[in-house]
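# No letters, just coordinates:
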């Protein structure tokens, strides 16, 4: 193991911390890739699709890797969909 040869608790903690941070980055990169490749089926439920996208974004943010919003990258999933206004655009 990587921590077997560490002398102090601090050295062990630092080694474990670094290892988990690297794994977290890899998971975040994979989640971003999945988010970018996600698409709604031809006759799929758009609300479920947007809900899934929102949950993926929230998961990324909770892991410390939020998506940065700009005017050019804001998605429909950020806007509220209501029965009276199914595509409430700005």
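On my side now, so go ahead. Here the structure is a predicted model, which means the values were calculated and not measured.
# any idea which helix or strand of the protein has the worst average confidence?
When each helix and strand of the chain is scored by mean pLDDT, DSSP states H and E, helix 9-37 comes last, with a mean of 89.
# helices or strands next to that helix in the packing?
If you count contacts as 3 or more C-beta pairs under 8 Å, 6 or more residues apart in numbering; DSSP states H and E, helix 9-37 packs onto helix 46-62. In this view, the C-beta of every residue, glycine as well, is placed from N, C-alpha and C.
# Now do the phi/psi pair for residue 65.
Residue 65 adopts backbone torsions of phi -130, psi 60, taken as degrees, to the nearest 10.
# Spatially nearest residue to it (excluding sequence neighbours)?
Once flanking residues are discounted, residue 65 sits nearest to residue 28: 4.1 Å by C-beta to C-beta, 6 or more residues apart in numbering.
# need the contact list for the one you found.
For residue 28, the contact set (C-beta atoms under 8 Å, 6 or more residues apart in numbering) comprises 60, 63-65.
# Now render the residues you listed as CSV, adding pLDDT.
Putting these into CSV (pLDDT from 0 to 100) gives the following:
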residue, pLDDT
60, 88
63, 84
64, 83
65, 81
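# Mind checking which of these are buried?
With burial judged by 16 or more other C-beta atoms under 10 Å, the buried subset of these is residue 60.
# Tell me which two in the contacts of residue 28 are the farthest apart.
For the contacts of residue 28, the farthest-apart pair by C-beta to C-beta is 60 and 64; their separation is 8.5 Å.
# Tell me which residue is most central in this protein.
In the chain, the residue lying closest to the centroid (C-alpha atoms, centre = their mean) is residue 60, at 2.6 Å.
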